[in-house]
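1. give me a model of this one.
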Amino acid sequence: MSSGPGLESLVDQQISVITNDGRNIVGVLKGFDQATNIILDESHERVYSTTEGVQQLVLGLYIIRGDNISIVGELDEELDASLDLSKLRAHPLKPVIH
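-> Here you go, the predicted model:
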């Protein structure tokens, strides 16, 4: 693996990725390369809605191209586990416009 912007410290930890098209994908970071392409394991997409709770779509082992990544963030697993996603309402994110 090449050195990315601080991603080395997040390997084997749960992260949240926001893509340019507004998707929120959560999973365990398994690897990345110089183009910030990332590999997530045990991943799922969180789909937000204003009318019903957050849906979680299981993705499993998943690769995200670096040019499609908007934000990578560390996930506080304890705080995340305490959330009741079935009661959470939110507008879906809009795509990033360049």
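
2. list the contacts of residue 50.
-> Applying Cβ atoms under 8 Å, 6 or more residues apart in numbering, we find residue 50 in contact with 89, 90, 91. For every residue, glycine as well, the C-beta is placed using N, CA and C.

3. check the residue nearest to the first one when sequence neighbours are not counted and give its pLDDT.
-> If the residues on either side of it in the chain are set aside, residue 89 comes closest to residue 50, at 5.4 Å by Cβ to Cβ, 6 or more residues apart in numbering. Looking at residue 50, its pLDDT reads 91.

4. give me the phi and psi for residue 81.
-> Here is the backbone geometry of residue 81 (degrees, to the nearest 10): phi -70, psi -30.

5. for it, give its distance to residue 68.
-> According to Cβ to Cβ, to the nearest Å, residue 81 and residue 68 sit 28 Å apart.

6. who has more neighbours, those two?
-> Remark: of residue 81 and residue 68, residue 68 carries more neighbours, 14 against 7, as counted by other Cβ atoms under 10 Å.

7. quick one: contacts for that one?
-> Neighbours of residue 68 in contact, by Cβ under 8 Å, 6+ apart: 19, 20, 21.

8. now residue 63
-> Neighbouring residues of residue 63 by Cβ under 8 Å, 6+ apart: 37, 38, 39, 40.

9. closest one to residue 62 out of these, please.
-> Using Cβ to Cβ, residue 40 comes nearest to residue 62 of the contacts of residue 63, at 4.7 Å.

10. quick one: that closest one and residue 29 touch, right?
-> Yes - with contact defined as Cβ atoms under 8 Å, residue 40 counts as touching residue 29 (6.3 Å).

11. can you pull the residues that touch both of those two?
-> residue 15.
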